[in-house]
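>>> this is the structure alone, sequence omitted:
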Ligand SMILES: Nc1ncnc2c1ncn2[C@@H]1O[C@H](COP(=O)(O)OP(=O)(O)OP(=O)(O)O)[C@@H](O)[C@H]1O
């Protein structure tokens, strides 16, 4: 049976049904709709003002590839300029291939690219060295904790170097829903309290960050990349299988099978959550070492590096009561007198 006509242009045959709405569209109309929705997210949320210099966190993966492509399409209407910033975490057998994809994108789209490396920024520490240091006798399950904190810092540093006024990342709705689930599973009220919204406004001197793909489903991101024939790197990070996020991802897939709106419902639930004031993190101060946003003497990145340099990395990541959980905070439940330092960072 031939495909039905596209319900938008009525000229071409439909090439897909949109996963959420079931609408039958041709590839061109789907891509136009996808771009219009991202434009709406940016405009309605006032995420990127005219003349913004936008650093796109470019990992070479599908999400940031789609984000960079869509923002490039939209940049004349938004009046923004783009700069790709890629972080080389020093992960052998993974990041080099991903960076090669970013370089190809920069060349094809004629966008400036800056690469910053953990090894240069963090006193010689690469993620592979961190993994060796944190593993002890077994496999390290805390790599994503370290990497998330350090990458956030590295992206901020890279963005500053290129004179950016804003940072965007490619987190999609599925990523956001996983994060909400993980925060629930950890009982992390501090993060849940400010987990909604489209990003952080740039408190404490940090650059404003946002996630323009936050309402786009992973499936549609992949479909957009397919129809626009985007070239991206699709392998999983070598440390990802150890991460707690994988459990949240599996759970989310099962929830979505039973209830297709589960992903977006979770994203919106984070926006609507109203927690009692006592659950909110304290007003942040600044790190005594680097001046970044911190709720304790040292910011997350400096605390982690301190632990690594002293040969006691596990202390900084929650093997004690006040450390960080994997990819985020994990203070003792109910311990609100001095919440974990990680509560000072937004949930991405
Ligand atoms: N090495 C990196 N350099 C620059 N930005 C990065 C890097 N890694 C991740 N990011 C940014 O953070 C976002 C989320 O990354 P993460 O690895 O958690 O998710 P992802 O869904 O696999 O994203 P992607 O498909 O873009 O790799 C990316 O979309 C990108 O904007």
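Looks like it came in fine. As the structure is a prediction and not an experimental result, all values here were calculated from the model.

>>> name the nearest residue to the one residue in the stretch 151-300 of the chain that gets nearest to the ligand, ignoring sequence neighbours.
The nearest approach of the stretch 151-300 of the chain to the ligand comes at residue 170, 2.6 Å away (C-beta to the nearest ligand atom). All C-beta atoms are positioned from the backbone trio N, CA, C, and that covers glycine. Nearest non-adjacent residue to residue 170, counting by C-beta to C-beta, 6 or more residues apart in numbering: residue 63, 3.2 Å away.

>>> hmm, that neighbour is touching residue 172, no?
Yes: taking contacts as C-beta atoms under 8 Å, residue 63 lies within contact range of residue 172: 5.5 Å.

>>> got any residues that touch both of these two?
Both residue 63 and residue 172 are in contact with 213, 221, where contact means C-beta atoms under 8 Å, 6 or more residues apart in numbering.

>>> ok, back up a step: check which helix or strand the residue nearest to residue 170 maps to.
Assigned by DSSP states H and E, residue 63 belongs to helix 62-78.

>>> and that helix, which residues are buried?
Buried residues in helix 62-78, counted by 16 or more other C-beta atoms under 10 Å: 62-75, 78.

>>> so which of those residues reach the ligand?
By C-beta under 6 Å from any ligand atom, the members of these lying near the ligand are 62, 63, 64.

>>> let me know the pLDDT of the last one.
Here the pLDDT value assigned to residue 64 is 98.

>>> same thing with the one 5 residues further on?
Model confidence at residue 69, given as pLDDT, is 98.

>>> hang on, residue 166 packs against residue 206?
No: using C-beta under 8 Å, residue 166 is not in contact with residue 206; the gap is 11.0 Å.

>>> returning to what we had before: so which strand or helix has the residue of the stretch 151-300 of the chain closest to the ligand?
Counting by DSSP H and E, residue 170 is part of no helix or strand.

>>> next one: it from residue 155, what distance?
Counting by C-beta to C-beta, to the nearest Å, the gap from residue 170 to residue 155 is 12 Å.

>>> what residues are shared contacts of these two?
Common contacts of residue 170 and residue 155 (C-beta under 8 Å, 6+ apart): residue 57.

>>> after the helix holding residue 63, next one along is what?
In N-to-C order, the element after helix 62-78 by DSSP H and E is strand 81-88.

>>> spatially nearest residue to residue 6, not counting backbone neighbours?
In space, residue 6 comes closest to residue 26 once its chain neighbours are excluded; the distance is 3.9 Å by C-beta to C-beta, 6+ apart.

>>> residues contacting the residue located most distally from the centre of the chain?
In the chain, the residue that sits farthest from the middle, by C-alpha atoms, centre = their mean, is residue 1; the gap is 41.2 Å. Applying C-beta under 8 Å, 6+ apart to residue 1 gives no contacts.

>>> count of neighbours near whatever residue of the stretch 51-200 of the chain ends up closest to the ligand?
Nearest residue of the stretch 51-200 of the chain to the ligand, counting by C-beta to the nearest ligand atom: residue 61, 2.1 Å away. Close neighbours of residue 61, defined as other C-beta atoms under 10 Å, add up to 20.

>>> wouldn't it be in contact with residue 230 here?
No: applying C-beta under 8 Å as the test, residue 61 and residue 230 come out as separate, 10.8 Å apart.

>>> would you map the helices across this protein?
Secondary structure of the chain (DSSP state H): helices at 27-44, 62-78, 95-109, 118-121, 127-135, 143-161, 173-186, 189-193, 218-227, 245-258, 262-272, 300-309.

>>> the fifth one vs helix 143-161, what angle?
Put plainly, it is helix 127-135. Relative orientation of helix 127-135 versus helix 143-161 (axes from the mean of the first three to the mean of the last three C-alpha atoms, to 10 degrees): 140 degrees.

>>> which other helices and strands contact helix 127-135?
Applying 3 or more C-beta pairs under 8 Å, 6 or more residues apart in numbering; DSSP states H and E, one finds that helix 127-135 contacts helix 143-161.

>>> how far off centre is the helix it packs on?
Here helix 143-161 is found 11 Å from its chain centre; the criterion is C-alpha atoms, centre = their mean, to the nearest Å.

>>> buried sites along that helix?
Going by 16+ other C-beta under 10 Å, helix 143-161 has these buried residues: 143-156, 158-159.

>>> cool, and stretch 101-108?
Buried residues in stretch 101-108 (16+ other C-beta under 10 Å): 101, 102, 105, 106.

>>> check stretch 121-138 too.
Under the neighbour-count criterion of 16+ other C-beta under 10 Å, stretch 121-138 has 121, 122, 125, 126, 127, 128, 130, 131, 133, 134 buried.

>>> same check, this time on stretch 238-253
Using 16+ other C-beta under 10 Å as the test for burial, stretch 238-253 gives 238, 239, 242, 243, 244, 245, 248, 249, 251, 252.

>>> redo the residues you listed as CSV? Include pLDDT and distance to residue 5.
Converted to CSV, the buried residues of stretch 238-253 look like this (pLDDT from 0 to 100; distance: C-beta to C-beta, whole Å):
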residue, pLDDT, distance to residue 5
238, 86, 45
239, 86, 46
242, 70, 48
243, 74, 44
244, 80, 45
245, 85, 41
248, 90, 39
249, 92, 36
251, 93, 38
252, 93, 34
